[in-house]
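J.: Predicted model follows, preceded by the sequence.
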Amino acid sequence: MKNKIVCLSTTNFHPLPTRKQNVMTRLRNADILYFDPPVSYIAPIKDKRCTKRLFARWEKADRPQENLTVYQLPPVLPFYNQHRWVNHLNQKRQAAFIKKKMQEHGFGADTILWCYSPSACDIVQHIPHQKLVYDCVDRHSAYKGHIDAGVVDGMERELAGHADMVFSTAIGLHETLQKYNANAQMIPNGAAYEVFSRVQTEKESLPCPKEMKTLPHPIYGFVGMLQECIDYALIEALAKAQPNATIFLIGRTLPGVNLDHLKKYPNIIFHGLVPQPELPAYIAQFDVCLNVFRAGALSKDVSPLKFYEYLATGKPIVSTREPLQVSDFSDVVYIVDSQTGFLEKCREAAAENDPEKAEKRLAYGKACSWSERVRQMEQTLYARKILNES
């Protein structure tokens, strides 16, 4: 019998695949309803791109693969991470929409409810389900904005305590969640190995993107959202120290992050988003991959997809010591503790000529593939009778 899964995501299914999409698209023997997170009514004030989502067609379904249907949740009242009563109102309204879609797709009381946000603690009682899974990917209370850390942590404690299974991506998250649920298990993020290993397996045939053909080497590349927790001071220091090198940033600058001070450097290129299938051609031109986080509660407990994707390319990686998971790969990653050390390791990594290190990074990347991560999740969920194996 096929498993029926309702996934309440914190990331839109399109355009960039994160843990949520990679897990849901790989779960076997499952029919899945994937709900994109709602925007609040005041979201367009901070990000005008949210305006269109306020007037979206809620009944419109997207079917990216045969067993998976995507819907967008209706807008919500703001300040729900500050005031629990607001969250109660929002979740009750969201539940009505979700139940309607469940009925349309034949989902009943045997549904597995799979949540990614602490705020889902107030929706659980309104949605028929047999089992509850909480997959924690961030220290949610460490984000800035309209957040009361005590409220968010309280909702997470409640959600994790009621869950039949709790997963987390980092040791700090796991240590916290284990206090609320003895069944907590850490399974870090992973990489689409089949995509990123092409940097090595197809390096002779991957075309050089036209916008990179005339860029001077070495090229220090970064792939990921340009968000507050990135250490931009290191990027600026590198631009100053190596004016004849190129720093190539792939990703969208998140609302509220001002990087105007970096745009004065001609050797820093802000490229914007690149669809995942096209990324190998860009990363193939990198001499070094950068994984740079500013120390803090959010950075310590993050499990960056970019890091595992870098491993899967075999390319040299220079990384800050946070996130803590990078220390597991210290034999093949250049880990730094200071700005001076960062600049030294960047030069060392750019000059690397060690096929054995490249092969070992590839092997690590394969061991950290999404296929392997989801296999580990399924193994646990089968053993605990949360999912049916066949």
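T.: Yep, that arrived.

J.: All the strands of the chain, residue numbers only.
T.: 3-8, 30-36, 62-65, 68-72, 112-115, 131-136, 165-168, 185-186, 219-223, 246-250, 268-272, 288-291, 317-320, 334-336 (DSSP state E).

J.: by contact count, what packs against the third one?
T.: The one in question is strand 62-65. Here strand 62-65 touches strand 68-72, going by 3 or more Cβ pairs under 8 Å, 6 or more residues apart in numbering; DSSP states H and E. In short, each C-beta sits where N, CA and C put it, glycine included.

J.: how about 10 Å then?
T.: helix 19-24, strand 30-36, strand 68-72 (3 or more Cβ pairs under 10 Å, 6 or more residues apart in numbering; DSSP states H and E).

J.: centre of the chain versus the second one, how much separation?
T.: Mean C-alpha position of strand 30-36 versus that of the full chain (Cα atoms, centre = their mean, to the nearest Å) differs by 18 Å.

J.: how near is Thr10 to Asn388?
T.: Distance of Thr10 to Asn388, given as Cβ to Cβ, to the nearest Å: 26 Å.

J.: Show me which of these two is the more surrounded one.
T.: Using other Cβ atoms under 10 Å, the more surrounded residue of Thr10 and Asn388 is Thr10, with 19 against 14.

J.: for the more buried one, phi and psi?
T.: Note on Thr10: backbone dihedrals following degrees, to the nearest 10 are phi -110, psi 10.

J.: Quick one: residues contacting it.
T.: 18-20, 36-37, 115-120, 135, 137-138, 140 (Cβ atoms under 10 Å, 6 or more residues apart in numbering).

J.: what ranges do the helices span in the stretch 151-300 of the chain?
T.: With DSSP state H, counting those that start in this stretch, the ranges of helices along the stretch 151-300 of the chain come out as 171-180, 193-196, 198-201, 232-241, 279-283, 297-300.

J.: Quick one: residues in contact with the fifth one.
T.: Meaning helix 279-283. If you take Cβ under 10 Å, 6+ apart as the criterion, helix 279-283 is touched by 192, 195-203, 205-209, 211-212, 219, 221, 223, 248, 250, 271, 274, 289, 309-310, 312-315.

J.: pull the CA atoms of that helix into PDB?
T.: Output in PDB follows, covering the C-alpha atoms of helix 279-283 (Å, rounded to 0.1, in the frame of the first residue of the first chain):
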ATOM      1  CA  LEU A 279      25.700  24.600 -12.300                       C
ATOM      2  CA  PRO A 280      28.300  22.000 -13.200                       C
ATOM      3  CA  ALA A 281      29.400  24.100 -16.200                       C
ATOM      4  CA  TYR A 282      30.000  27.100 -14.000                       C
ATOM      5  CA  ILE A 283      31.600  25.200 -11.100                       C
END
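
J.: what ranges do the helices span in the stretch 1-150 of the chain?
T.: 19-24, 43-46, 51-54, 84-104, 149-162.

J.: To Lys366, which of these lies closest?
T.: With respect to Lys366, and counting by Cβ to Cβ, the nearest of the helices of the stretch 1-150 of the chain is helix 19-24 at 15.1 Å.

J.: Could I get the CA-only coordinates of that closest one as PDB?
T.: Output of helix 19-24 as PDB, limited to C-alpha atoms (Å, rounded to 0.1, in the frame of the first residue of the first chain):
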ATOM      1  CA  ARG A  19      16.400  19.400   1.400                       C
ATOM      2  CA  LYS A  20      12.600  19.400   1.200                       C
ATOM      3  CA  GLN A  21      12.400  18.800  -2.500                       C
ATOM      4  CA  ASN A  22      15.400  16.400  -2.600                       C
ATOM      5  CA  VAL A  23      13.800  14.200   0.200                       C
ATOM      6  CA  MET A  24      10.200  14.300  -1.200                       C
END
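
J.: And that helix, what does it pack against?
T.: strand 3-8, strand 30-36, strand 62-65, strand 68-72, strand 112-115, strand 131-136, helix 370-383.

J.: and the third one, how far from the chain's centre?
T.: Distance of strand 62-65 from its chain centroid, counting by Cα atoms, centre = their mean, is 20 Å.

J.: Pull up the pairing partners for it, direction included.
T.: Strands that pair with strand 62-65, judged by DSSP bridges, come out as strand 68-72 (antiparallel).

J.: Also the fifth one?
T.: When pairing is defined by DSSP bridges, strand 112-115 lines up against strand 3-8 (parallel), strand 131-136 (parallel).

J.: between the last one and helix 171-180, how big is the angle?
T.: Calculated by axes from the mean of the first three to the mean of the last three Cα atoms, to 10 degrees, strand 131-136 forms an angle of 150 degrees with helix 171-180.

J.: ok, the nearest residue to Asp148 once chain neighbours are set aside - contacts?
T.: Of all residues not flanking Asp148 in the chain, Gln82 sits nearest, at 4.5 Å (Cβ to Cβ, 6 or more residues apart in numbering). Going by Cβ under 10 Å, 6+ apart, Gln82 touches Gly145, His146, Ile147, Asp148, Ala149, Gly150, Val151, Val152.

J.: Contacts only, for the residue lying farthest from the centre of the chain.
T.: Taking Cα atoms, centre = their mean, the residue of the chain most remote from its mean C-alpha position is Asn244, at 32.4 Å. For Asn244, the contacting residues are Pro216, His217, Pro218, Asn267, by Cβ under 10 Å, 6+ apart.

J.: shouldn't the third one be in contact with Ala241?
T.: No - judged on Cβ atoms under 10 Å, Pro218 makes no contact with Ala241 at a distance of 11.9 Å.

J.: list residues touching both of these two?
T.: With Cβ under 10 Å, 6+ apart as the test, Pro218 and Ala241 both reach Cys346, Arg347.

J.: which one of these two has more residues nearby?
T.: Neighbour totals were compared for Pro218 and Ala241, and Pro218 leads with 20 against 15 (other Cβ under 10 Å).
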